[in-house]
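>>> need a structure here:
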Amino acid sequence: MLTLHVVGDSISMHYGPFLERYLSGLLAYSRKEGIPGDPQEPNGANGGDSSLVLRYLTACQQRGWHWNWMLLNCGLHDIKTDPLTGMKQISPETYRRNLGAIVALARSLAEHIVWVRTTPVVDAIHNTRQQQFHRFAADVDHYNAIADRIMAAQRIPTIDLFGFTQTLGDDLYVDHVHFAEQVQQLQAAYIAGFLAASLQVQR
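Coordinates of the predicted model:
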């Protein structure tokens, strides 16, 4: 059976079990593994920011790992903003450079790469429920636009999970940024549909 490897943040960890179920019989599912927790822990399950994803993919290449398909996302951790200084965890320019390197590495690790756009943030929800760092919808738009340009230039197919999630209504979140289970299921179904259609095209 063809293989799929997922590298993404906690959003992908939440929809992942549903995605694995929906792809059963089509793709053998795996993801970046480890103990859930600190998203900047290199050995954790969370893909973290683009610098951490780059480190992970470098390690995969060094180990000689390979998959047929790879589902990639990063951005939600990159836009973390210090409430005092306004500094981003990863600047837009560094994010741009990291994504270029990520795509180059991913091409050596998988025959087919699919990018997933970062999911929405609502300032008033996030920044009242999370005090350690802030996130802003404008930064999601900015970093998604950076990724859009890179993926288009590299001819990497993109799943617009941002746009899809926005169609699901207003009462989506269970905390500052994570989604209710019914939203996770719909996100997984949307991604699975995209991948299933892509598999049909490749046959």
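
>>> in this structure, which residue is closest to the centre?
residue 73 (2.4 Å; Cα atoms, centre = their mean).

>>> so what's that residue up against?
7-9, 11-12, 47, 115-118, 161 (Cβ atoms under 8 Å, 6 or more residues apart in numbering). The C-beta positions use only the backbone N, C-alpha and C, and glycine is treated the same way.

>>> again with residue 192
19, 22-23.

>>> Let's have these in TSV, adding secondary structure and distance to residue 172.
What follows is the contacts of residue 192, written out as TSV (DSSP: H, G, I helix; E, B strand; the rest coil; distance: Cβ to Cβ, whole Å):
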residue	secondary structure	distance to residue 172
19	helix	18
22	helix	20
23	coil	23
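
>>> so which of those residues comes closest to residue 174?
Among the contacts of residue 192, residue 19 lies closest to residue 174 (Cβ to Cβ), at 18.5 Å.

>>> Let's verify the residue in the chain sticking out farthest from the centre: helix, strand, or coil?
Most distant residue from the mean C-alpha position of the chain: residue 84, 26.9 Å away (Cα atoms, centre = their mean). With DSSP: H, G, I helix; E, B strand; the rest coil as the basis, residue 84 sits in coil.

>>> Could you do residue 113 as well?
strand.

>>> can you tell me the helix or strand for the nearest residue to residue 164 once chain neighbours are set aside?
Spatial nearest neighbour of residue 164, excluding adjacent residues (Cβ to Cβ, 6 or more residues apart in numbering): residue 190 at 5.0 Å. Per DSSP states H and E, residue 190 falls inside helix 181-202.

>>> Just the C-alphas of the lowest-mean-pLDDT helix or strand in the chain, formatted as CSV.
Scoring the helices and strands of the chain by mean pLDDT, DSSP states H and E places helix 123-129 at the bottom, with a mean of 89. Taking C-alpha atoms only, helix 123-129 is exported to CSV below (Å, rounded to 0.1, in the frame of the first residue of the first chain):
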residue,chain,number,x,y,z
ASP,A,123,-7.8,37.7,17.8
ALA,A,124,-10.5,38.3,20.4
ILE,A,125,-10.7,34.6,21.3
HIS,A,126,-7.0,33.7,21.2
ASN,A,127,-5.6,36.7,23.0
THR,A,128,-8.1,36.7,25.8
ARG,A,129,-7.6,32.9,26.5
